[in-house]
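*Asks:* Could you look at this predicted model? Sequence included:
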Amino acid sequence: MQLLRRLLPLTLLYASPQLLPAHARALEGSPPKVQISLFNDAEVSPEILSRGQYRVSVVLAQAGVQVEWVACRPRDRTNFSPASPDCSSFTWPEHLAVRIVRRGISIKEEVFGQSFQDKSGCGIHASIYYDNLATSKSHAELSDADMLGFAIAHEIGHLLLGPHSHSAHGVMQGNWQRAALIAASQGNLFFSKHEANLIRMRLVKGCDLLRMARR
Ligand SMILES: [Zn+2]
């Protein structure tokens, strides 16, 4: 993805099972859940990180998905103790990993994040390039925390929606123009209804459903 720009405020969101669309509840009787293991290699401040996580949770809650966060220790090449299973073993689609690094090798400065998928369109890892985000002047109206949250939500969207998942509207826009930034700043930038449906179904039924949806 090439995520540019920002947005912001928070309103709502805790989506209780009673508030979810009926078809979302019908899949399993409770909201689908995604576990996200978060690696803060960039040493983003706890305040910015927690606010960014909140934004991610809000965006996914609007899609009818509950987020469970796992805080993982950042990469430390001097520490040889094994990581916990929650921070070393991931399973698509219900357990994904996001690593926040300062910069990426050969990554253009306007790119805030990247997801990694296999040939089937399934992937478990995403990276966020925090220095690109924090030094960018393209999202002046949005705090770094909210931009971070939207960037993570966007990459999680790629991991759950598969390839070619950019959209002309909503949080899956590849390049965020002013309208998107304004919507984000108003706390009104989410996954589309179709994207939300697909994300929930993939969380319940896996990759086969995506292939079926594209036939
Ligand atoms: Zn993208």
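*Replies:* Perfect, I can see it now.
*Asks:* Check which helix or strand Ala180 maps to.
*Replies:* helix 178-185 (DSSP states H and E).
*Asks:* how many other residues sit next to the closest residue to Ala126 other than its chain neighbours?
*Replies:* Nearest non-adjacent residue to Ala126, counting by C-beta to C-beta, 6 or more residues apart in numbering: Glu155, 3.7 Å away. All C-beta spots, glycine's among them, are computed from the backbone N, C-alpha and C. Per other C-beta atoms under 10 Å, the neighbour tally for Glu155 reads 25.
*Asks:* before we move on, what about Lys137?
*Replies:* That count, for Lys137 with other C-beta under 10 Å as the rule, works out to 6.
*Asks:* any idea which element it lies in?
*Replies:* Applying DSSP H and E, one finds Lys137 in no helix or strand.
*Asks:* ok so, going back, what is the mean pLDDT for the helix holding Ala180?
*Replies:* For helix 178-185, mean pLDDT is 89.
*Asks:* With stretch 78-89 instead?
*Replies:* 80.
*Asks:* contacting residues around the residue positioned nearest the centre of the chain?
*Replies:* By C-alpha atoms, centre = their mean, the chain has its centre lying nearest to Ala153, at 2.3 Å. By C-beta atoms under 8 Å, 6 or more residues apart in numbering, Ala153 lies in contact with 55-56, 59-60, 171.
*Asks:* what's around the residue nearest to it when sequence neighbours are not counted, how many residues?
*Replies:* Nearest residue to Ala153, sequence neighbours excluded (C-beta to C-beta, 6+ apart): Val59, at 4.2 Å. By the criterion of other C-beta under 10 Å, Val59 has 27 neighbours.
*Asks:* Same question for Gln53.
*Replies:* 20.
*Asks:* which ones are touching it?
*Replies:* Applying C-beta under 8 Å, 6+ apart, the residues contacting Gln53 are 38, 67, 69, 149, 152.
*Asks:* Report the angle between the helix or strand where the last one lies and helix 178-185.
*Replies:* Just to be clear, that refers to Ile152. Secondary structure assignment for Ile152, by DSSP H and E: helix 144-161. Angle, helix 144-161 to helix 178-185, by axes from the mean of the first three to the mean of the last three C-alpha atoms, to 10 degrees: 110 degrees.
*Asks:* re the thing from before, which of the contacts of Gln53 are buried?
*Replies:* Using 16 or more other C-beta atoms under 10 Å as the burial test, these include 38, 67, 149, 152 as buried.
*Asks:* The helix holding Ile152: how far from the chain's middle?
*Replies:* Relative to its parent chain, helix 144-161 has a centroid offset of 3 Å by C-alpha atoms, centre = their mean, to the nearest Å.
*Asks:* residues of it that come out buried?
*Replies:* 144-161.
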